[in-house]
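In: got a sequence here, can you build the structure:
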Amino acid sequence: MNRDRLITKAGVAGLAAGVLVVWAPDACAAQQTAVRVEINATDYPNAKCNDGTQAAYYLRGAGIEGAISGNKWLIFLHGGGSCESDESCAERWYDPDGGSDGIIGYHGNMTTSTGATKNFSGEGILDSDGADAWTDPGSNPFAGFNRIMVPYCSSDKWSGRNTTARQVDYAAYVGTQVTIGGETVTIRNPNNQTPALTSIRFSGRWIAEAVVDLVMNGGIQSGKKTRGATDAVTEAPSAAEDEVVISGSSAGGGGVIRNLDQLAGIVHGAAASVKVFGVIDASNAVGAVTDADITGDTDHAAAVFYGATSPEEVDTSCQLANPLDTSHRCFNSLVVLKSFIETPHFVVQTAFDGVIHGGLKQSIADRLSATVPADLAAALAEQYIRNQVSLGARELGGGVANPQHVGWFIPNYTTDKHQLMVDDLWFFNTPRVFSQEHMGNPDLGNDPRLGTDTLSTMGQPRALACFRFKVTGQGSGCVDAGDAKVVNTTYPTNPLSAHYDTATSTLTLPFVRLSNNTYFKNVSVVLNPLGSVVVGDPAVGAFPAVNEYSMGTNVLKLPSVTVGDRIYQQVSVSGPGLRVLGYEEVTPPVVAASPVQARQPALRRR
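Out: Model prediction:
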């Protein structure tokens with residue numbers, strides 16, 4: 001149960017300030033018990049966790065008391081970061097509970113889950129009704145689906161396909177300091193409570209494939225492909241109205257990106273008419289990172305560590321455009337997500353996610369702080385990311401033939417929330433339902449976490465239901481092209497841009513720094529006559545940089561300016577015809593940074 005999934009009416013004002021006020025879940029909430037099933041080692045010998053234990057999943061049917069019912073299946077891949085070196089894997093192995101050290105992932109993400117049952121009530125997309133969170137929650141579009149949750153125990157973003165283990169000596173790291181993702185910790189093992197790990201394997205892809213194969217061969221109740229006379233056999237999906245939905249969040253969302261086409265191939269290899277689509281949560285930065293900046297080299301290095309670099313382990317359509325012998329780009333999930341997934345898919349992503357986008361924000365802020373104060377640089381960097389991720393939605397789905405078979409839900413929450421599908425509060429919420437439940441006014445239509453932006457009244461469940469209808473023809477009858485493509489806010493402005501209107505000779509600057517170190521936003525300037533213009537001026541800072549005006553020389557320096565449908569880089573404009581129409585003075589920071597900055601310990605188990 002997640003600590004931030006229930007919020008009191010008294011906590012609404014706190015939400016706007018970034019403070020979560022929580023209450024305990026309703027003690028009367030109905031249990032939705034899922035049972036543990038171990039993947040049979042004889043039939044699936046490679047479906048193993050990092051430590052060699054056999055992987056498992058949790059299963060709850062759509063029928064009475066969790067019985068299997070019908071031929072619609074929702075598979076959810078859990079997340080929990082990754083480890084990409086022996087020292088980071090050692091830290092993960094000896095981290096017993098995912099404490100507050102700022103490093104995502106812990107011991108439980110490296111070994112099989114042992115609990116006999118899990119309760120799906122309160123678990124967002126896995127919760128069939130959401131009734132423990134809201135009196136009027138909206139319905140889960142997958143409420144009538146059999147549900148499978150696959151714990152994450154391979155630490156490889158669901159990408160490895162090892163068939164043997166590699167020898168390691170992680171006990172040697174105990175007592176040493178390691179730095180992982182900018183966080184420095186000392187690896188400890190008090191009282192030798194965690195056994196030594198002497199071998200490791202990375203087999204996430206094998207695990208995902210085994211689960212889908214079990215659904216399609218009828219062995220999902222027993223975990224066995226080859227069943228004995230006493231083993232339960234489930235009717236496998238086979239008809240055109242049958243569905244298999246492959247979903248995941250955080251590292252699990254990355255697993256869907258990397259595996260969706262291949263898993264869809266397993267489904268269609270068994271039954272060509274079954275409908276398959278993916279749902280990807282908290283794994284998207286398309287738009288915020290330019291194609292030119294993606295080499296895939298660091299992703300390739302991680303794949304080398306996992307032993308996952310063969311052509312069979314990399315998206316095939318991506319390889320046609322980026323051959324592996326000359327490029328590492330296909331190892332990067334953003335490249336694949338943007339242009340090469342061929343199976344229908346729906347993307348869920350907050351416009352700024354402290355886990356997914358935090359490192360990029362820091363990198364941009366570090367560059368900007370050469371010319372503006374650090375707090376202002378951080379605020380500008382975050383607003384830039386919010387803008388680019390929102391606009392980047394239009395770039396998604398380049399590999400899908402039918403544009404109606406790509407959808408998204410990208411809200412601009414004021415917090416830096418990571419993962420929107422894993423608990424009831426964030427999954428079932430819509431702006432209008434939230435305001436009616438907690439503000440007593442359904443006409444407000446404004447969840448305070450979304451700030452003061454104009455909102456769509458469509459929430460995540462309805463958008464998903466509309467998307468499902470477009471792909472399968474089942475469920476909700478949404479027909480409008482935008483119903484499943486929701487950026488649930490007006491686009492925030494890109495503060496590192498400029499726009500020139502040739503018809504009015506007007507230059508619009510969302511943000512500008514003057515040479516006397518004063519700052520302004522929403523600046524409109526008439527350039528008539530235009531004066532001298534230099535494109536590619538080395539004296540102008542390259543992105544990321546802010547617009548600048550030199551008062552002594554009457555020169556504007558614009559790192560990026562849009563004119564019509566073209567974008568020009570490193571542009572300087574000088575001349576006598578500069579006239580200011582309007583502006584607002586800025587006292588740093590120009591935009592408040594996300595009020596929730598600390599990573600929540602609960603995220604480490606995703």
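
In: Ile385: which element?
Out: Using DSSP states H and E, Ile385 falls within helix 374-392.

In: mind listing what's buried in that helix?
Out: For helix 374-392, burial by neighbour count (16 or more other CB atoms under 10 Å) applies to 376-392. For glycine as for every other residue, the C-beta is placed from the backbone atoms N, C-alpha and C.

In: for the following helix or strand past it, packing partners?
Out: On the C-terminal side of helix 374-392, the closest following helix or strand by DSSP H and E is strand 406-409. Contact analysis of strand 406-409 by 3 or more CB pairs under 8 Å, 6 or more residues apart in numbering; DSSP states H and E lists strand 345-348, helix 460-472, strand 485-486 as its packing neighbours.

In: identify, out of these, the most deeply packed stretch.
Out: strand 345-348 (a mean of 28; mean count of other CB atoms under 10 Å).

In: quick one: distance of that one to the chain centre.
Out: The chain centroid and the centroid of strand 345-348 are separated by 9 Å under CA atoms, centre = their mean, to the nearest Å.

In: export it to PDB, keeping only CA atoms.
Out: Output in PDB follows, covering the C-alpha atoms of strand 345-348 (Å, rounded to 0.1, in the frame of the first residue of the first chain):
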ATOM      1  CA  HIS A 345       0.900   1.500 -27.000                       C
ATOM      2  CA  PHE A 346      -0.200   4.100 -24.500                       C
ATOM      3  CA  VAL A 347       2.300   6.300 -22.600                       C
ATOM      4  CA  VAL A 348       1.700   7.700 -19.100                       C
END
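
In: so what's Phe520 up against?
Out: By CB atoms under 8 Å, 6 or more residues apart in numbering, the contact set of Phe520 is 509, 511-512, 514, 583-586.

In: which of the residues in the strand or helix carrying it are buried?
Out: Here Phe520 sits within strand 519-527, counting by DSSP H and E. Buried residues in strand 519-527, defined by neighbour count with 16+ other CB under 10 Å: 519-521, 523, 525, 527.

In: please identify which of those is nearest to Ala236.
Out: Proximity of the buried residues of strand 519-527 to Ala236 (CB to CB) peaks at Lys521, which lies at 58.5 Å.

In: need the contact list for that closest one.
Out: 495, 510-512, 583-584, 586, 590.

In: keep only those of those that are in helices.
Out: Within the contacts of Lys521, no residue falls in helices by DSSP state H.

In: before we move on, back to that, what lines up beside the strand holding Phe520 in the sheet?
Out: strand 506-514 (antiparallel), strand 578-586 (antiparallel) (DSSP bridges).

In: ok, residues contacting the first one?
Out: Spelled out, it's strand 506-514. With CB under 8 Å, 6+ apart, strand 506-514 has contacts from 371-372, 380, 493-501, 519-527, 546-549, 551, 556, 558, 561, 573, 581, 586, 590.

In: immediately after the lowest-mean-pLDDT helix or strand in the chain, which helix or strand?
Out: When the helices and strands of the chain are compared on mean pLDDT, DSSP states H and E, helix 12-16 comes out lowest with a mean of 33. Once the chain leaves helix 12-16, the next helix or strand it forms, by DSSP H and E, is strand 33-38.

In: does anything pack onto that next one? Which helices or strands?
Out: strand 56-60, strand 117-119.

In: deepest in the core, which of those is it.
Out: strand 56-60 (a mean of 24).

In: just the mean pLDDT for it, thanks.
Out: Throughout strand 56-60, pLDDT has a mean value of 98.

In: still on that earlier bit, out of the helices and strands packed on strand 33-38, the one nearest Val336 is which?
Out: With CB to CB as the criterion, Val336 lies closest to strand 56-60 of the helices and strands packed on strand 33-38, at 24.6 Å.

In: any regions of the chain where pLDDT drops low?
Out: Counting by pLDDT under 70, the ranges of the chain that qualify are 1-29, 130-138, 429-458, 477, 479, 481-482, 487-491, 588-606.

In: show me the contacts for Asn516.
Out: With CB under 8 Å, 6+ apart, Asn516 has these contacts: Met551.

In: hmm, I was thinking of Arg579
Out: Arg579 is in contact with 525-526, 528, counting by CB under 8 Å, 6+ apart.

In: return the distance of the residue lying closest to Asp97 once chain neighbours are set aside relative to Leu260.
Out: Distance criterion CB to CB, 6 or more residues apart in numbering; nearest residue to Asp97, sequence neighbours excluded, is Tyr106 at 6.2 Å. From Tyr106 over to Leu260 the distance is 27 Å, taken as CB to CB, to the nearest Å.

In: following the chain past the strand holding Phe520, name the next helix or strand.
Out: strand 532-535.

In: tell me which residues are up against that next one.
Out: 568-575.

In: make it 7 Å
Out: 568, 571-575 (CB atoms under 7 Å, 6 or more residues apart in numbering).

In: now that strand: how far from the chain's centre is it?
Out: 40 Å.

In: dump the helices and strands packed on strand 406-409 to JSON lines, plus distance to Ser249.
Out: Shown next, in JSON lines, are these (distance: least, CB to CB, whole Å):
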{"stretch": "strand 345-348", "distance to Ser249": "8"}
{"stretch": "helix 460-472", "distance to Ser249": "12"}
{"stretch": "strand 485-486", "distance to Ser249": "18"}
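
In: looking at those, which is closest to Ile280?
Out: Across these, closest to Ile280 is strand 345-348 (CB to CB), at 5.1 Å.

In: strand partners (parallel or antiparallel) of that closest one?
Out: Pairing partners of strand 345-348, with direction, according to DSSP bridges: strand 275-281 (parallel), strand 406-409 (parallel).

In: now those in JSON lines, with distance to Glu87 and mean neighbour count?
Out: Listed next are those as JSON lines, based on distance: least, CB to CB, whole Å; neighbours: other CB atoms under 10 Å:
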{"stretch": "strand 275-281", "distance to Glu87": "29", "mean neighbour count": "26"}
{"stretch": "strand 406-409", "distance to Glu87": "37", "mean neighbour count": "26"}
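
In: switch those over to JSON lines; also include distance to Glu241.
Out: As requested, the strands paired with strand 345-348 are exported to JSON lines (distance: least, CB to CB, whole Å):
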{"stretch": "strand 275-281", "distance to Glu241": "8"}
{"stretch": "strand 406-409", "distance to Glu241": "20"}
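
In: looking at the ones you listed, which is closest to Gly115?
Out: Per CB to CB, nearest to Gly115 of the strands paired with strand 345-348: strand 275-281, 23.0 Å.

In: restricting to C-alpha, output the closest one in CSV.
Out: Output in CSV follows, covering the C-alpha atoms of strand 275-281 (Å, rounded to 0.1, in the frame of the first residue of the first chain):
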residue,chain,number,x,y,z
LYS,A,275,-5.6,-8.0,-29.6
VAL,A,276,-2.3,-6.9,-27.9
PHE,A,277,-1.3,-3.4,-26.7
GLY,A,278,1.1,-1.9,-24.2
VAL,A,279,0.8,0.7,-21.4
ILE,A,280,4.1,2.4,-20.4
ASP,A,281,4.3,4.5,-17.2
